[in-house]
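Novice: requesting a structural model of the entry that follows:
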Amino acid sequence: RWAASDDPDERARLSSAGRPLPGVEISVRRGDGTEAGAGTAGEIWVRGAHVAGEYVEGGSQLDEDGWFRTCDRGHTDDAGYLWIHGRNDDIIVRGGENMSPGEIEDVLLTHPAVVDAAAFGVPSREWGEEVAVCVITRSPAPAVDDLRELVRTRLRSSRVPARVEFVDELPYSGTGKLLRRELRPRFAPDSPGG
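Specialist: Below you'll find the predicted structure:
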């Protein structure tokens with residue numbers, strides 16, 4: 001049997017990471033350390049008996065109240081469901097707007113010729129950062145303008161890549177994490193790309 005809900009809140013929660021397990025607390029905080037509140041993005045902090053926060057080289061990473069800073073960004077809803085937006089250092093900040101690279105990558109991956117994609121922020125004199133992407137494609141490769149138009153039709157115009165580069169491979173860690181920071185040096189500030 002299948003179950004479905006017509007409640008839009010319940011349907012939206014399917015894309016969340018869920019709620020904290022018993023004994024675990026989550027706090028989403030603004031840059032100044034204050035609680036962000038439901039629906040507002042910020043940095044995710046966790047606390048609980050199973051949160052060690054200890055590192056061999058760095059000692060305890062817990063604050064005085066036992067909270068651990070994850071360096072991840074996200075938001076919660078009124079019912080405590082958590083959405084993870086990505087790592088703080090992966091978030092693209094263009095003109096004061098925070099963007100998740102994953103949403104741009106997800107759109108690019110809907111193109112039949114795109115095999116893999118990485119979106120990341122690169123320095124911009126005008127915007128602080130702008131969106132750059134590296135993509136792996138099947139032959140024949142799509143036109144850069146086609147990829148930009150695909151993003152433009154699905155997301156806000158601020159998320160359209162200013163720079164596009166076709167590559168043969170993307171850097172991944174041994175655990176399969178995309179290493180966007182290794183791609184940023186390919187792009188000098190405000191250099192023409194794609």
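Novice: now stretch 40-54, how far from the centre of its chain.
Specialist: Here stretch 40-54 shows a centroid-to-chain-centroid distance of 18 Å under the convention Cα atoms, centre = their mean, to the nearest Å.
Novice: give me the residues contacting that stretch.
Specialist: For stretch 40-54, contacts defined as Cβ atoms under 8 Å, 6 or more residues apart in numbering pick out 20, 23-31, 36, 60-62, 65-75, 82, 84-85, 88, 98. Yep, even glycine has a C-beta here, placed from its N, CA and C like the rest.
Novice: same check on stretch 111-126?
Specialist: If you take Cβ under 8 Å, 6+ apart as the criterion, stretch 111-126 is touched by 90-94, 99, 101-102, 104-105, 108-109, 129-138, 140-142, 146-147, 150, 161-163, 170, 178, 180-181, 183-184, 187, 189-190.
Novice: same check, this time on stretch 139-154
Specialist: 104, 107-108, 110-111, 113-114, 133, 135, 159-161, 164, 166, 194.
Novice: rerun that using 7 Å as the cut-off
Specialist: Where contact means Cβ atoms under 7 Å, 6 or more residues apart in numbering, the residues beyond stretch 139-154 that reach it are 104, 107-108, 111, 113, 135, 159-161, 164, 166, 194.
Novice: okay, and which of the contacts of stretch 40-54 map to strands?
Specialist: Among the contacts of stretch 40-54, the residues falling in strands (DSSP state E) are 24-29, 60, 68-75, 82, 84-85, 98.
Novice: moving C-terminal of the longest helix anywhere in the chain, what's the next helix or strand?
Specialist: Once the chain is assigned using DSSP state H, the helix that runs over the most residues is helix 144-154. Using DSSP states H and E, the helix or strand that follows helix 144-154 towards the C-terminus is strand 163-166.
Novice: quick one: buried residues of that next one?
Specialist: 163-165 (16 or more other Cβ atoms under 10 Å).
Novice: which of those sits closest to residue 7?
Specialist: Proximity of those to residue 7 (Cβ to Cβ) peaks at residue 164, which lies at 39.3 Å.
Novice: okay, and the beta partners of the closest one?
Specialist: residue 133 (DSSP bridges).
Novice: ok, how many other residues are close to residue 107?
Specialist: The local packing of residue 107 (other Cβ atoms under 10 Å) involves 20 other residues.
Novice: A helix includes it, no?
Specialist: Yes. In this structure, residue 107 lies within a helix as judged by DSSP: H, G, I helix; E, B strand; the rest coil.
Novice: could you flag which of the contacts of stretch 139-154 are buried?
Specialist: Listed as buried from the contacts of stretch 139-154 are 104, 107-108, 111, 135, 159-161, 164, 194; burial here means 16+ other Cβ under 10 Å.
Novice: pull the most distant pair out of those residues.
Specialist: Comparing all pairs in these by Cβ to Cβ, the longest separation belongs to 107 and 194, at 16.0 Å.
Novice: alright, calling it a day.
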